[in-house]
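Asks: sequence-free structure coming up:
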Ligand code: PRX
């Protein structure tokens with residue numbers, strides 16, 4: 001048991017939680033990783049996975065910052081997530097428990113999932129999909145999204161999942177950038193009792209760029225949809241064909257071969273395609289899940305994220321299956337039909353570990369304690385949080401009302417780029433509400449000033465990472481220069497590669513990290529990552545708008561909300577109706593999550609002399625704060 005010497009509001013874990021956890025001695029593991037980073041990961045990789053051929057080099061830094069892990073090894077993540085389990089007693093273990101929003105249920109054992117993935121992979125292979133080809137997946141939260149991702153990986157094709165809450169232009173841009181050959185979608189998805197018309201959105205996106213040869217459509221919501229002859233095929237029809245063979249060979253991949261790309265918003269310009277690989281990602285995601293969420297054979301793990309974001313990729317699809325765990329996936333909204341839907345799911349499926357985002361907790365907290373109190377939540381032994389800083393009030397509610405003051409909360413800080421948890425408690429770690437606590441073993445980080453020098457305790461600075469890790473992104477697909485300039489140029493010095501996270505943080509006197517938020521033009525709305533550039537370009541794509549600037553401002557429920565400032569074209573009347581039209585337009589082009597909360601019409605936008613919008617100034621004005629140094633401001 002740790003000595004009770006930490007400062008501030010601290011929650012110490014119960015002794016049995018520590019002694020029963022997979023890694024009871026964090027300090028010892030951290031020390032082992034620090035004294036020999038490559039050796040630490042080498043041992044984990046050797047002991048926990050099947051490799052077709054071993055590696056000759058654990059960590060290759062010779063082309064840094066293009067780090068490589070397990071170089072020379074051959075594997076396939078799907079071999080480790082499925083194929084190897086069906087040779088063991090886990091064959092008939094439940095891999096996925098699924099519940100649809102209308103209440104329908106399905107379960108898939110490892111054996112069944114393996115067969116389904118084989119069938120989808122055989123279909124894709126028959127369509128000509130080969131190693132290295134890109135496949136766009138745009139679906140709701142149904143088991144087929146997991147099947148589709150694994151089917152691509154089994155063939156060595158690179159999946160590019162576009163979150164089902166994104167819309168026409170966002171989807172089109174991602175399909176075009178990835179040069180996808182095949183797309184997989186659903187007719188629709190259920191959300192709050194309504195249908196999200198995924199196929200219609202896909203049609204419109206493909207209309208703007210006809211590069212996709214085939215679209216596979218999974219029937220979910222059942223309404224009439226257009227099927228383009230020669231291009232679109234129903235999945236259930238394909239399954240009736242002999243090509244849908246459940247036996248499909250798993251492609252032998254280099255550890256460093258690409259597994260997927262996932263677009264994420266960056267500082268400027270178009271979204272970046274983060275690239276992850278078969279080997280390092282497999283090792284990193286599953287090791288962090290086993291260590292932090294203490295996964296055991298009899299757990300029911302529920303990561304309530306969407307498979308379309310990195311949280312879902314790593315901790316719904318890949319890591320739990322690699323560990324042979326049982327996961328729950330739920331299709332719809334947490335409050336449908338009533339605000340106790342989630343708590344009912346926990347009770348009925350006996351969920352033991354729940355991992356979600358602060359915005360969801362705050363949203364459910366609003367409805368009061370009576371909703372969770374109607375349900376037996378005693379199965380829960382661990383809780384998790386991700387996506388944005390959790391405010392202490394929400395943390396305490398989650399801990400008391402949901403965790404019954406027993407279940408520790410793992411507040412995990414990480415990013416699409418990092419692939420897995422980077423700053424996180426473990427069950428043994430004393431917790432401070434609002435702090436993600438300490439770096440995962442082997443991860444070294446710092447909080448630095450403009451010059452890259454460490455700042456004193458409790459001062460805000462840039463959060464940087466100073467060691468490579470196996471699940472780190474390898475590059476930006478199609479744009480390696482941007483990978484170097486975005487992440488590595490700002491702080492690397494004296495031959496040392498330093499990764500810039502884009503976040504600011506403080507480190508307190510106990511070494512605990514308090515992440516404050518983004519320092520770039522990324523806005524986190526309800527934990528979703530959005531870029532100002534994408535929203536601004538949607539606004540100026542409307543015929544009435546000449547120029548637009550958007551910022552995030554703090555919001556109690558959503559973390560941040562979007563405020564837009566627009567300069568209208570000559571002769572256009574600034575009306576409240578037009579503001580609404582523009583909000584809807586962003587919703588249609590980018591997605592409902594990107595809709596600005598307000599649209600304000602202005603005559604000018606603060607810009608630098610080189611013409612860049614000074615969002616810092618807009619933000620200061622919106623919050624009534626000091627506008628700071630305006631010496632670079634362009635005169636009106
Ligand atoms: O600002 C940090 C915030 O989310 C960003 C990464 O977003 P994304 O790539 O969409 O990945 C989200 C899920 C891994 C980070 O730069 N963030 C993520 N987790 C936390 C967080 N901020 C504070 N505390 C966290 N636990």
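Replies: Received the coordinates, thanks. None of the values given here were measured: they were computed from a predicted structure. Numbers count the residues shown, from 1 in each chain.
Asks: Please list the residues of the protein that sit near the ligand.
Replies: Listed as neighbours of the ligand in the chain under the rule Cβ under 6 Å from any ligand atom: 264, 309-311, 386-389, 411-416, 436, 501-503, 515, 517-518, 524, 529. C-beta here means a position set from N, CA and C on the backbone, and glycine is covered the same way.
Asks: at 8 Å what do you get?
Replies: 264, 305, 309-311, 385-390, 411-418, 423-424, 436, 501-503, 515, 517-518, 522, 524, 527-529 (Cβ under 8 Å from any ligand atom).
Asks: out of those residues, which are inside strands?
Replies: 264, 385-386, 411-412, 501-503, 515, 517-518, 522, 524, 528-529 (DSSP state E).
Asks: Out of the residues you listed, name the two that are farthest from one another.
Replies: Of all pairs drawn from these, the greatest distance, 20.9 Å, lies between 264 and 411 (Cβ to Cβ).
Asks: more neighbours, the two?
Replies: residue 411 (26 against 20; other Cβ atoms under 10 Å).
Asks: The more buried one contacts residue 435, correct?
Replies: Yes: using Cβ atoms under 8 Å, residue 411 is in contact with residue 435, at 7.0 Å.
Asks: what about the residue in the stretch 251-400 of the chain positioned nearest to the ligand, distance to residue 503?
Replies: Closest to the ligand within the stretch 251-400 of the chain is residue 389: 4.1 Å, counting by Cβ to the nearest ligand atom. Separation of residue 389 from residue 503 (Cβ to Cβ, to the nearest Å): 10 Å.
Asks: Mutual contacts of these two, please.
Replies: Common contacts of residue 389 and residue 503 (Cβ atoms under 8 Å, 6 or more residues apart in numbering): 515, 516, 517.
Asks: between those, which has the most around it?
Replies: residue 515 (20 neighbours).
Asks: My guess is that residue contacts residue 463. True?
Replies: Yes: judged on Cβ under 8 Å, residue 515 makes contact with residue 463 at a distance of 6.7 Å.
Asks: okay, and the common contacts of the two?
Replies: 503, 504, 505.
Asks: Run through the residues that contact the first one.
Replies: This points to residue 503. Per Cβ under 8 Å, 6+ apart, neighbours of residue 503: 462, 463, 515, 516, 517, 518, 519.
Asks: Identify the bridge partners of the third one.
Replies: When bridges are taken as DSSP bridges, the partners of residue 515 come out as residue 505.
Asks: Same check on the second one?
Replies: When bridges are assigned using DSSP bridges, the partners listed for residue 463 are residue 447.
Asks: residue boundaries of the strands in the stretch 201-350 of the chain?
Replies: 214-218, 232-234, 253-254, 258-264, 272-277, 300-303, 326-330 (DSSP state E, counting those that start in this stretch).
Asks: So which residue is dead centre in this structure?
Replies: Centroid-nearest residue in the chain, with Cα atoms, centre = their mean: residue 310, separated by 2.4 Å.
Asks: thought it was touching residue 263?
Replies: No: with contact defined as Cβ under 8 Å, residue 310 does not reach residue 263; the gap is 10.6 Å.
Asks: tell me, what's touching the two both at once?
Replies: Common neighbours of residue 310 and residue 263 (criterion: Cβ under 8 Å, 6+ apart): residue 274.
Asks: residues contacting the nearest residue to residue 588 once chain neighbours are set aside?
Replies: Excluding the flanking residues, the one nearest residue 588 by Cβ to Cβ, 6 or more residues apart in numbering is residue 167, at 5.8 Å. Contact partners of residue 167, counting by Cβ under 8 Å, 6+ apart, are 201, 587, 588, 589, 590, 591, 592.
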